[in-house]
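Student: Model the following, please.
(2 chains)
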There are 2 protein chains.
Amino acid sequence: MKNIDLLGFIAATLTTIAFVPQLIKTWQTKSAGDVSFLMLLTFCTGVFLWLLYGIFIQSWPVIAANFLTLIFNLLILSLKIRYE
Amino acid sequence: MKNIDLLGFIAATLTTIAFVPQLIKTWQTKSAGDVSFLMLLTFCTGVFLWLLYGIFIQSWPVIAANFLTLIFNLLILSLKIRYE
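Tutor: Below you'll find the predicted structure:
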């Protein structure tokens, strides 16, 4: 793996797993009042379009990273709706 | 602009501007207790690496989108630290 590919891989991993602590925190505290609904909605829509983009250009890293990011953020969004 | 480029452009715009509502909400409520510190830290680190990646591959869309996303998230992070 070239250094530049490794950099992209680490970047994609971090921006994907970043949402796991938020998911766990929201699950544990049963509170997401400070988390913006509009942010989650806009971000999920954008990540879904990134996923479509990845499918069109047949890029597995783009597909995998955005699929997981979408799942994590949809779970955070559903918890926020549930706890409000 | 090809359709696939337009899709990527819309996706990048949405995942960048998504953080503006969170920034405004945190600024107005002066509260970010429900927002995970570890999420912000991990996400900012990942976006910074995406920015470096964009500079290395000389891709202006990657640079611009990640530069703005980094600024918005660093502002949210600094507000969270300030209000706690």
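Student: which other helices and strands contact the helix or strand hosting A:Q28?
Tutor: Using DSSP states H and E, A:Q28 maps to helix A:19-29. Contact partners of helix A:19-29 among helices and strands, from 3 or more CB pairs under 8 Å, 6 or more residues apart in numbering or on different chains; DSSP states H and E: helix A:60-82, helix B:37-56. Yep, even glycine has a C-beta here, placed from its N, CA and C like the rest.
Student: which of those helices sits most buried?
Tutor: Mean neighbour count, computed with mean count of other CB atoms under 10 Å in any protein chain shown, is highest for helix B:37-56 among the helices and strands packed on helix A:19-29, reaching a mean of 19.
Student: what sits up against it?
Tutor: Under the criterion CB atoms under 8 Å, 6 or more residues apart in numbering or on different chains, residues A:4, A:7-8, A:10-19, A:21-22, A:25, B:60-63, B:66-67, B:69-70, B:73-74, B:76-77, B:80 lie in contact with helix B:37-56.
Student: Thought A:S59 was touching A:G8, still the case?
Tutor: No - look at A:G8 against A:S59 with CB atoms under 8 Å: they stay out of range, at 10.9 Å.
Student: got a list of what A:G8 touches?
Tutor: If you count contacts by CB under 8 Å, 6+ apart, then A:G8 has A:P61, B:W50, B:Y53 around it.
Student: now the second one: how far from A:G8?
Tutor: It refers to B:W50. In this view, B:W50 and A:G8 are 8 Å apart by CB to CB, to the nearest Å.
Student: Would you convert the contacts of A:G8 into TSV that also reports distance to B:T42?
Tutor: As requested, the contacts of A:G8 are exported to TSV (distance: CB to CB, whole Å):
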residue	distance to B:T42
A:P61	18
B:W50	13
B:Y53	16
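Student: In CSV: those, plus distance to A:L41 and pLDDT.
Tutor: Output for the contacts of A:G8, formatted as CSV (distance: CB to CB, whole Å; pLDDT from 0 to 100):
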residue, distance to A:L41, pLDDT
A:P61, 25, 91
B:W50, 22, 96
B:Y53, 27, 96
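Student: For A:T29, state which of these is nearest.
Tutor: Closest to A:T29 out of those is B:W50 (29.2 Å), distances taken as CB to CB.
Student: okay, now A:Q28: neighbour count?
Tutor: By other CB atoms under 10 Å in any protein chain shown, 8 other residues sit near A:Q28.
Student: Return the distance of it relative to A:Q22.
Tutor: Taken as CB to CB, the span from A:Q28 to A:Q22 is 11 Å.
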